[in-house]
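only geometry, no sequence info:
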C-alpha cells in the first residue's frame, strides 16, 4: 500500500501512541487551546478519528493569562493493566508543571491532575514489573541538556527515587521528547534533538538496564529530513514507537509541510506522520531509510485499505466536545448552540488581546486548499470568520456595525505591529454571507451577494507561518464576535477541503 503523510493533518504535533483492545490511541499537543490534548483512535494505523480530549475541565487545564504557545506541551499516552495514562506539562501557568491524568474508559472523563516533582518538559511513563518510571528532559549538574528519570508511585505521583541523569544525547541542541521501551533484551531510549524546526531529528540509544548506561545508535539520527533541500516535508522528529497487532514496528513523529518545494514557510503547523520501523539481527532499528516522504510505501498494510479523511465540516457533522476548541477557556454563557446555528456573545477581549479569552470557536486548518464560509448576522460590534495564528497574526473577514448604526463588511490583516484595514464595503445589511478560500500561497476573501462571489482581496499565507510568527502552533479557522454586548449569529457554517485522501 502507498499511504500519504501526514496521517493526521493540521496542527497536531508531538504525537504519542499506545494500543489496547485491538485499537490504537494517539494524543497530541494543544498548547493554549481548550479543551486540551486531542485524542484519536484508529484500527489500522493510517485512518484516525478524533474521539475527544483528555483535558476537558479547567481544574485539569488552567490557562488563564497563558501566552500564545504556552500551555500543554508534548503529551505521552500509555496503557498499563487496564488503565490509560496521559502525562504532559502545563508551561507558563502558576499551577503548571509535569503531571499525569488517568482513565479506565478511553471514551469517558479523565482524572484530576497528579503532579510529579521533576522538572523539564516532554515527560513520559514506562511500566515494568509493577514499577513506574518517569522520564523527562532537563539538565545535568553542569547545566547541560540531559534526560532525567525517577521511579514514582503511580497511585499518587510521589517520587520513590531521586531524579538521575540517564543520557546526555548525541550532542544536538534541545534534547527533548524522551520515550523508554523494553524490546527483546534491551531498553531503548528515543529522543529528539536539533530543535523542532528544519534541523529536527530523532535519535536513540539502548542499554541493558532501565537506568542505563545507554549506547547511542551508530548511525544517529535514525530519522531526519534536515539535509533534504527542496523537499516539501521538513522538520521530522519527536517520535514515539508502537508495535502493531501483527508484530511490526512503526514510528509516529511530527513534521511540517512547506507551502512550496522552494519556499521555506509553513503555516498549518507541525503534523502527525508515520514511517515503518525495522530491527536488524543485532537488535538495532531503522526508521524507513532514515528520512520520511509525503508518499510512503509499505507491504505491512493491505492494498485494499483506503486512506480517508473527512472533507466537509459543518455544525451538523461535528461535535462540540470532540472537534472544536477555544482560546484558553470555554465560557459557556457566551455561546448558544442549536443544530446549524451558533450564537456568540462578545467578551471583554478581542482577537488582538494578549493572553486573552476572546469569544472565538475554531477548527484546525488541515489542508492548503480550503474554503470556509458562514452566514453572519450582526446585532452589534463585529462578527466574522478568521484565519488565526496568534493575537498579532490573523486575517479577519467580518460584518461590523459602523458609527451610524448601519453595517459594513471589512477585511483586516494583522501582521505583527501592522494592523491594516484592507477593504471596507459600507452600507450593507446586518446579514452577510462570508467566504475565505485558500491555496498554499494565499488566502482569498469574498462576500456573497445574490449568489455571486465578490472578491475583497487576498493575503499571503507566509505571514501567518511559524517562520514569521514563531511559536509552536498552526493556523486555526475561527468564528468570532467582539466589541459588542449582544449575541451575534452564525449559520450554515462549512469548511471544505478540495483533495480527499485516497491512499494513492
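Perfect, thanks for sending it. Quantities reported herein were computed from a predicted structural model and do not represent experimental measurements. Residues are numbered from 1 along each chain as shown.

chain center to the helix or strand harbouring residue 177: distance?
According to DSSP states H and E, residue 177 maps onto strand 176-183. Taking the mean of its C-alpha atoms, strand 176-183 sits 21 Å from the chain's own mean (C-alpha atoms, centre = their mean, to the nearest Å).

Just the buried positions in it, please.
For strand 176-183, the neighbour count (16 or more other C-beta atoms under 10 Å) marks 176-181 as buried. C-betas here are computed from N, CA, C, even on glycine.

TSV for these, including distance to residue 384 and pLDDT?
Putting the buried residues of strand 176-183 into TSV (distance: C-beta to C-beta, whole Å; pLDDT from 0 to 100) gives the following:
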residue	distance to residue 384	pLDDT
176	38	98
177	38	98
178	43	98
179	42	98
180	47	98
181	48	98
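
pretty sure residue 199 is in contact with residue 227, am I right?
No - between residue 199 and residue 227 there is no contact under C-beta atoms under 8 Å: 9.6 Å.

For burial, what's the neighbour tally of residue 95?
Using other C-beta atoms under 10 Å, the number of residues around residue 95 comes to 12.

Let me see the contact set for it.
Residue 95 is in contact with residue 62, counting by C-beta atoms under 8 Å, 6 or more residues apart in numbering.

is residue 180 in a bridge, and if so with what?
Under the criterion DSSP bridges, residue 180 forms beta bridges with residue 189.

still on that earlier bit, show me what the strand holding residue 177 is packed up against.
For strand 176-183, the elements it packs on are strand 71-80, strand 124-128, strand 131-139, strand 186-193, strand 233-243, judged by 3 or more C-beta pairs under 8 Å, 6 or more residues apart in numbering; DSSP states H and E.

buried stuff in stretch 101-112?
Neighbour-count burial for stretch 101-112 [16+ other C-beta under 10 Å]: 101-103, 106, 110.

Then stretch 327-344?
Residues 327-330, 334-335, 342-344 are the ones in stretch 327-344 that count as buried (16+ other C-beta under 10 Å).

same thing with stretch 455-465?
456, 458-465.

sorry, back to before: show me which of residue 199 and residue 227 is the more surrounded one.
Set residue 199 next to residue 227 and count neighbours by other C-beta under 10 Å: residue 199 wins out with 19 against 9.

Can you name the residues that contact the more buried one?
172-173, 224, 226.

A PyMOL selection for the residues you listed, restricted to the buried ones, would help me check which they are.
Selection of buried members from those for PyMOL, criterion 16+ other C-beta under 10 Å:
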select buried, resi 172+224+226
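
Could you work out the most separated pair of the contacts of residue 199?
Spatial extent of these (C-beta to C-beta) is set by the pair 173 and 224 at 13.3 Å.

Touching both of those two, which residues are there?
194, 199.

Which residue ranges of the stretch 301-450 of the chain form strands?
312-314, 326-327, 335-338, 341-345, 359-364, 370-377, 382-390, 393-401, 407-415, 418-428, 431-438, 442-449 (DSSP state E, counting those that start in this stretch).

Return the list of strands paired to the fourth one, each annotated with direction.
The strands that strand 341-345 pairs with in its sheet are strand 335-338 (antiparallel), strand 487-497 (antiparallel) (by DSSP bridges).

how's the protein carved up into domains?
2-297, 312-497 (automatic domain parsing).

among those, which is nearest residue 305?
Nearest of these (C-beta to C-beta): domain 2-297, 5.8 Å.

Quick one: end-to-end length of the closest one, please.
Domain 2-297 has an end-to-end distance of 4 Å (criterion: C-alpha to C-alpha, to the nearest Å).
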